[in-house]
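Peer 1: got a predicted structure plus its sequence, pasted below:
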Amino acid sequence: MAVEQTKNDLGLRLIRSVFYNEPHKVYSADHLSPSSIHWARVVGHVCDMGWGGADPYRIAKLVQAGSQPRGASVIDRRLKGALAWQAEDKTYSMTGKSEGRVMWSPPAPTRQASASSSYESRFDYVFSPPAPLSRPS
């Protein structure tokens with residue numbers, strides 16, 4: 001437990017240090033990897049340092065499921081510079097520009113699940129939407 005707390009404290013100090021000492025890197029990261037830098041804004045509590053809060057749309061892109069996972073096509077490899085191994089990488093098309101970057105999959109069935117139960121009834125809890133957040137009054 002103490003090791004995890006030390007790692008968390010170190011990560012927080014690193015995030016806050018970059019936002020405080022190297023703002024040019026934050027501006028670059030906002031263009032190159034916007035979802036990641038907005039996640040750092042949430043985790044690093046940088047609002048109290050004068051930086052704005054995170055954009056919820058960019059945070060949502062981190063966990064949004066990709067709709068059509070596929071590897072690099074021949075056109076991607078010849079014209080766009082994709083490497084040969086990226087043809088087998090099913091996350092290649094998930095850039096986050098038009099769809100999510102995550103491949104969600106249901107957990108493996110448990111031994112308690114009966115053979116007669118349907119797939120949907122065993123896994124519907126995985127795909128249920130989260131409860132709405134309530135604002136503090």
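Peer 2: Received the coordinates, thanks.

Peer 1: burial count for residue 35?
Peer 2: Other residues lying near residue 35 total 19 when counted by other Cβ atoms under 10 Å. Bear in mind the C-beta positions are built from the backbone N, C-alpha and C, glycine included.

Peer 1: what is the rounded mean pLDDT of the helix or strand hosting it?
Peer 2: Taking DSSP states H and E as the definition, one finds residue 35 inside helix 34-43. If you average the pLDDT over helix 34-43, you get 84.

Peer 1: okay, the helix or strand just after it in CSV with CA atoms only?
Peer 2: In the C-terminal direction, the helix or strand that comes right after helix 34-43 (DSSP H and E) is helix 56-63. Provided in CSV are the C-alpha atoms of helix 56-63 (Å, rounded to 0.1, in the frame of the first residue of the first chain):
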residue,chain,number,x,y,z
PRO,A,56,-15.1,15.9,-21.1
TYR,A,57,-15.3,15.0,-24.8
ARG,A,58,-11.6,14.3,-25.0
ILE,A,59,-11.7,12.2,-21.8
ALA,A,60,-14.6,10.2,-23.2
LYS,A,61,-12.6,9.4,-26.3
LEU,A,62,-10.1,7.5,-24.1
VAL,A,63,-12.7,4.9,-23.2
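
Peer 1: what comes up buried for the next helix or strand after helix 56-63?
Peer 2: Moving toward the C-terminus from helix 56-63, the first helix or strand encountered (DSSP H and E) is helix 74-79. By 16 or more other Cβ atoms under 10 Å, the buried positions in helix 74-79 come out as residue 76.

Peer 1: circling back to that earlier point, what's in contact with the helix holding residue 35?
Peer 2: Under the criterion Cβ atoms under 8 Å, 6 or more residues apart in numbering, residues 11-12, 15, 18-19, 26, 29-30, 46-47, 51-55, 58-59, 61-62, 96, 101 lie in contact with helix 34-43.
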